[in-house]
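In: need coordinates for the below:
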Amino acid sequence: MINNTLAIGIQGVQEGIQGMDNAARRIARGGTDGPQGSASGNGDLLEPIVDLNLYQRSVEASAQVVKTADETLGTLLDINA
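Out: Residues are numbered from 1 along each chain as shown. I've put the predicted structure just below:
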């Protein structure tokens with residue numbers, strides 16, 4: 001069960017980092033749309049900025065899951081030793 005929890009936490013971290021990367025790329029494009037780089041409104045930057053913050057929190061939460069599972073596994077090993 002702990003291995004499953006670790007796997008879920010690691011998967012959450014990986015997906016969060018990927019989401020942060022995508023949001024950061026959209027921000028770096030600076031609200032440009034399409035291959036011609038035609039500028040769109042600044043409102044188009046709001047969504048990727050919010051997404052970036054959301055994915056950051058997701059990574060933090062998933063990292064806490066991994067940390068807690070690791071601590072639990074360490075405690076179980078100490079008890080059995």
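In: how about the host helix or strand of Met20: buried residues?
Out: Using DSSP states H and E, Met20 sits within helix 2-28. In terms of neighbour count (16 or more other CB atoms under 10 Å), helix 2-28 has its buried residues at 5-6, 9, 12-13, 16, 19-20, 23, 26. The way it works is simple: take the backbone N, C-alpha and C, and place the C-beta from them, glycine included.
In: how about Ser58: what's its closest non-neighbour residue?
Out: Nearest non-adjacent residue to Ser58, counting by CB to CB, 6 or more residues apart in numbering: Gly16, 4.1 Å away.
In: got the contact list for that neighbour?
Out: Residues in contact with Gly16 (CB atoms under 8 Å, 6 or more residues apart in numbering) are 55-56, 58-59, 62.
In: helix 2-28 and the top helix by length along the chain, what's the angle between them?
Out: Identified as the longest helix of the chain according to DSSP state H is helix 43-80. Computed with axes from the mean of the first three to the mean of the last three CA atoms, to 10 degrees, the direction of helix 43-80 lies at 160 degrees from that of helix 2-28.
In: quick one: buried residues of helix 43-80?
Out: 48, 51-52, 55, 58-59, 62, 65-66, 69.
In: is Gly12 in contact with Arg57, as I believe?
Out: No. Between Gly12 and Arg57 there is no contact under CB atoms under 8 Å: 11.1 Å.
In: and the pLDDT for the closest residue to Val65 other than its chain neighbours?
Out: Once flanking residues are discounted, Val65 sits nearest to Gly9: 3.6 Å by CB to CB, 6+ apart. As predicted, Gly9 sits at a pLDDT of 96.
In: go on, Ile2?
Out: Predicted confidence (pLDDT) at Ile2: the value is 82.
In: check Ser62 too.
Out: 98.
In: grab the nearest non-local neighbour of it.
Out: Distances taken as CB to CB, 6+ apart put Gly12 closest to Ser62, at 3.0 Å, once the chain neighbours are dropped.
In: list the residues that contact that neighbour.
Out: Going by CB under 8 Å, 6+ apart, the list of residues near Gly12 reads 58-59, 61-62, 65.
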